[in-house]
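Engineer: Okay, here's the prediction I keep looking at, along with the sequence it came from:
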Amino acid sequence: MLLDSSPLPVSMTAESYGELVDRIVAALGPRAGAATLERVRRVVAAEVDAAGRHRCDRPYDGQVLLIGCTDADPERPAAVLAWRALAPRLRQAELDAGHYDVFDPVHLPALVAALAPVLPAPTASAAVGAAAPTEPSLENAE
């Protein structure tokens with residue numbers, strides 16, 4: 001399962017990098033201290049650096065579910081094509097959320113619904129802590 005992911009390296013302009021940092025820092029709220037703000041800025045810089053050097057070029061023949069967000073990302077169509085080239089059994093679902101809003105509580109029911117076709121159905125044994133099957137199937141996913 002891939003959640004609004006791309007196999008392509010990330011490239012950012014100074015402007016888009018600044019907007020990303022501003023968005024993440026704003027999410028910390030007004031009470032974040034200077035040390036927290038500096039730590040978050042360093043983490044964002046490390047993540048952007050890693051994303052820029054990331055390469056995903058190994059094919060995968062298994063089933064893959066890509067859940068894409070609906071925000072306007074001009075690179076998303078190219079990312080989907082690249083995933084299809086790497087994983088021919090790719091299936092897609094959409095989540096009506098922005099990339100940075102996926103885990104907001106308001107979007108969780110839709111995220112769970114998008115995952116439902118690939119997750120095993122709950123069973124009585126799962127309720128008492130038994131392990132779920134290790135390879136969920138996408139055979140019946142739409």
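Structural biologist: Yep, that arrived.
Engineer: so where do the strands sit in this protein?
Structural biologist: Per DSSP state E, the chain carries strands over the ranges 2-3, 64-69, 90-95.
Engineer: Would you check that my belief about Arg41 contacting Leu20 is correct?
Structural biologist: No. Look at Arg41 against Leu20 with C-beta atoms under 8 Å: they stay out of range, at 10.6 Å. C-betas here are computed from N, CA, C, even on glycine.
Engineer: could the strands of the chain be laid out in JSON lines, adding mean neighbour count, distance to Ala27 and mean pLDDT?
Structural biologist: Formatted as JSON lines, the entries for the strands of the chain read as follows, by neighbours: other C-beta atoms under 10 Å; distance: least, C-beta to C-beta, whole Å; pLDDT from 0 to 100:
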{"stretch": "strand 2-3", "mean neighbour count": "16", "distance to Ala27": "18", "mean pLDDT": "90"}
{"stretch": "strand 64-69", "mean neighbour count": "20", "distance to Ala27": "17", "mean pLDDT": "93"}
{"stretch": "strand 90-95", "mean neighbour count": "17", "distance to Ala27": "19", "mean pLDDT": "93"}
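Engineer: and of these, who's closest to Arg76?
Structural biologist: Distances from Arg76 to each of the strands of the chain were compared using C-beta to C-beta; the shortest belongs to strand 64-69, at 6.2 Å.
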